[in-house]
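Visitor: Starting from these lines, generate the structure:
(one chain, ligands or ions: 1)
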Amino acid sequence: MANLELKNVSKVYGAGVSQLTALNKVNFSAHEGETVLIVGPSGSGKTTFLTIAGGLQTPSTGEVLINGSGYSSTNKNEQSALRLNKIGFVLQAYNLVPFLTVAEQFELVDKVKQNNMSTERFEDVLDTLGIKDLLAKYPKELSGGQRQRVAIARALYADPEYILADEPTAALDTNRSLEVMSLFNQLAHKYQKAVIVVTHDQRLEEKADKVYQIIDGEMSLLKDQTE
Ligand SMILES: Nc1ncnc2c1ncn2[C@@H]1O[C@H](COP(=O)(O)OP(=O)(O)OP(=O)(O)O)[C@@H](O)[C@H]1O
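Guide: This next block holds a predicted model:
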C-alpha cells in the first residue's frame, strides 16, 4: 500500500541566537485513498513540512519514508526520479512557464515524463477545474485563480501517487474551492492517490479524511475518518 510517513522529523533553520525550530519531532502519515489537510496559522511550519515531505528540503533530524523506503537515504538522482514519478506539486508560485500556452504546459510534462493521465480522464479534470476554454491562452492572459487551476491540472496530469498542494484554493471563491476539494477527494477515493493539502481554508476541513494541525512546529492529529 502506498504511503508517505514522517518519523520524528525536526527542521532547524539558522544557528546561534537566530536559530529557529520550524518543525519539532513531527510524526505524520498519509496513505493512498486519503485526502489529508494540514492547517495552522501563518509561520507555523506548514510550507516547511510540505517541502520536506516532498523531498525538496532535507530534515535536520528524523526520517521521511515513501512506500516504506527512506527518502533521505537515497542519492540525489534517485530522489529526483522519485519526485518526478511519484509526487505532483501544486506550489503557491504556480510555476507556469510564461512563454507557453496552457496546452503547451501539459505537453511539456509529456517531454519529461511518460505514463501521464489518459486523455479521457484529463478531459474530466479540465472540465471539473473549468479550464477547457483556456488551452490556447498564455499565463499572463489568465487571472490568479485560473493560473492556480492550470497549475493544479498540470500536477494531476502527470498522474502521481502523491499530490502535495500548498494553499491550492487561496485565489478561489467558495464554490471553486469546494469543487477543487471534491476533485482531490475523487482522485484520492476513485484513483487511490494520497492528496496532502496545506491550507488556511477552514471550509475544506469537513471534506477531508484526515486533518493535522501545526502550531509552532508541533503537529497533532485533529480528525481521522479513515479508521
Ligand atoms: N529558509 C528559511 N530560513 C530561515 N527561516 C525560515 C526559512 N523558511 C521558513 N523559515 C521560518 O520557519 C517558520 C515556519 O515557516 P513556514 O514557511 O514553514 O510556515 P507556514 O506555516 O507555511 O507559513 P505561511 O502560512 O505564512 O506560509 C517561520 O518562522 C519562518 O520564518
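
Visitor: what about the protein, any weak spots by pLDDT?
Guide: Low-confidence segments of the chain, defined by pLDDT under 70: 1, 72-74, 93.

Visitor: Do you have the strands of it handy? List them.
Guide: Assignment of strands within the chain using DSSP state E yields the ranges 3-13, 20-31, 34-39, 61-66, 69-70, 87-90, 162-166, 194-199, 210-215, 218-224.

Visitor: What parts of the chain come near the ligand?
Guide: 13-14, 20, 22, 40, 42-48 (C-beta under 6 Å from any ligand atom). All C-beta spots, glycine's among them, are computed from the backbone N, C-alpha and C.

Visitor: From the ligand, how far off is the residue nearest in space to the middle of the chain?
Guide: The centroid of the chain falls nearest to Leu164 when counting by C-alpha atoms, centre = their mean (1.3 Å). Distance of Leu164 to the ligand, computed by C-beta to the nearest ligand atom, to the nearest Å: 13 Å.

Visitor: I'd say that residue and Leu50 touch.
Guide: Yes - in this structure, Leu164 is within contact of Leu50 by C-beta atoms under 8 Å, at 5.5 Å.

Visitor: which residues do those two both contact?
Guide: Ile196 (C-beta atoms under 8 Å, 6 or more residues apart in numbering).

Visitor: OK, contacts around the nearest residue to Asp159 once chain neighbours are set aside?
Guide: Spatial nearest neighbour of Asp159, chain neighbours left out: Met117 (4.7 Å); criterion: C-beta to C-beta, 6 or more residues apart in numbering. Each residue near Met117 by C-beta under 8 Å, 6+ apart is listed here: 125, 156-159.

Visitor: Could I get the full set of helices for this structure?
Guide: Applying DSSP state H to the chain gives helices spanning 46-53, 76-86, 102-112, 119-129, 144-157, 174-191.

Visitor: what's the closest of those helices to Asp216?
Guide: helix 46-53 (11.7 Å; C-beta to C-beta).

Visitor: what angle separates the closest one from strand 162-166?
Guide: Computed by axes from the mean of the first three to the mean of the last three C-alpha atoms, to 10 degrees, the angle separating helix 46-53 from strand 162-166 equals 160 degrees.

Visitor: what's the burial count for Lys223?
Guide: For Lys223, the number of neighbouring residues by other C-beta atoms under 10 Å comes to 15.

Visitor: who does it bridge with?
Guide: Applying DSSP bridges to Lys223 yields these beta-bridge partners: Val211.

Visitor: That one and Asn185: what is the separation?
Guide: Lys223 sits 14 Å away from Asn185, going by C-beta to C-beta, to the nearest Å.

Visitor: mind listing what the residue nearest to the centre of the chain touches?
Guide: 50, 53-54, 87-90, 196.

Visitor: now do 6 Å
Guide: Taking C-beta atoms under 6 Å, 6 or more residues apart in numbering as the criterion, Leu164 is in contact with 50, 54, 89, 196.

Visitor: neighbour-wise, which of these leads?
Guide: Each of the contacts of Leu164 was scored for neighbours by other C-beta under 10 Å, and Ile196 scores highest at 27 neighbours.

Visitor: Identify the bridge partners of that residue.
Guide: Residues found in beta-bridge contact with Ile196 (criterion: DSSP bridges) are Val36, Leu164.

Visitor: how much space between it and Asn24?
Guide: Ile196 sits at a distance of 19 Å from Asn24 (criterion: C-beta to C-beta).

Visitor: Ok, Val17 next?
Guide: In this structure, Val17 and Asn24 are 18 Å apart, going by C-beta to C-beta.
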